[in-house]
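A.B. asks: Here is my input, please return the structure:
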Amino acid sequence: MEIHELTDEEMDRMADALLRKMRIERKQLSRQELEKEIIDYLGKKQACCLATASRDGIPRVSVVDYVNDGLTIYIFSEGGRKFKNLKENNRVAIGIGTSARTFRSVRGVNILGTAEIFTEDTREFAHAMKLMRPAFEDVERETGGPIEFPKGMVRIIKVTPTKMVYYHNNRGIFNAHWEA
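C.D. replies: Sure, this is the predicted structure:
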């Protein structure tokens, strides 16, 4: 059986038909409106998967916690194969999504971008740690004390988006593209 790959136009026609049947008006957002939608969604802290690849193209997916500053993503990590991959290849993909049981409930963002690694002796690291402070306070409440990390163990991955695709089907936003 020959496989037919959907074109963007075919995908749009299918989405339009499904949204019409569900009586949801399709929205075409301006760049500013789309950025506002994505930033709002990133602030909800849904599950995040970071995909890296080695120089040879061997992929790795890591489920990570993140914070955002606008469209910029900061990931706190104490190690793993992803750092070796990032040294060899700084291009990444991120998938953040809400569990979708129906077409109507699909909401998420796919992000392509470039990553930089920061250590505790940089201003960017301090900025990200300040953004992450509320999450650390939650853990400290749960454990009854401060979190301490060995010096040099923790790093911050900063992801700067180059392309994003956003979905919020219940609001009529389907396959909305953003590029830097």
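A.B. asks: mind saving the C-alpha coords of stretch 135-143 as PDB?
C.D. replies: Provided in PDB are the C-alpha atoms of stretch 135-143 (Å, rounded to 0.1, in the frame of the first residue of the first chain):
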ATOM      1  CA  ALA A 135       9.500  25.200  42.000                       C
ATOM      2  CA  PHE A 136      12.400  24.800  44.400                       C
ATOM      3  CA  GLU A 137      10.200  26.300  47.200                       C
ATOM      4  CA  ASP A 138       7.600  23.700  46.500                       C
ATOM      5  CA  VAL A 139      10.200  20.900  46.900                       C
ATOM      6  CA  GLU A 140      11.600  22.500  50.000                       C
ATOM      7  CA  ARG A 141       8.100  22.600  51.500                       C
ATOM      8  CA  GLU A 142       7.600  18.900  50.700                       C
ATOM      9  CA  THR A 143      11.000  17.900  52.100                       C
END
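A.B. asks: quick one: average confidence on it?
C.D. replies: Average pLDDT, stretch 135-143: 82.
A.B. asks: now swap in stretch 77-91 and tell me
C.D. replies: 92.
A.B. asks: pull the helix or strand with minimum mean pLDDT from this protein.
C.D. replies: Across the helices and strands of the chain, mean confidence by mean pLDDT, DSSP states H and E is lowest for helix 123-143: a mean of 88.
A.B. asks: What is the subsequent helix or strand relative to that one?
C.D. replies: Per DSSP states H and E, the first helix or strand lying C-terminal to helix 123-143 is strand 155-168.
A.B. asks: tell me the angle of that following strand relative to helix 123-143?
C.D. replies: Relative orientation of strand 155-168 versus helix 123-143 (axes from the mean of the first three to the mean of the last three Cα atoms, to 10 degrees): 80 degrees.
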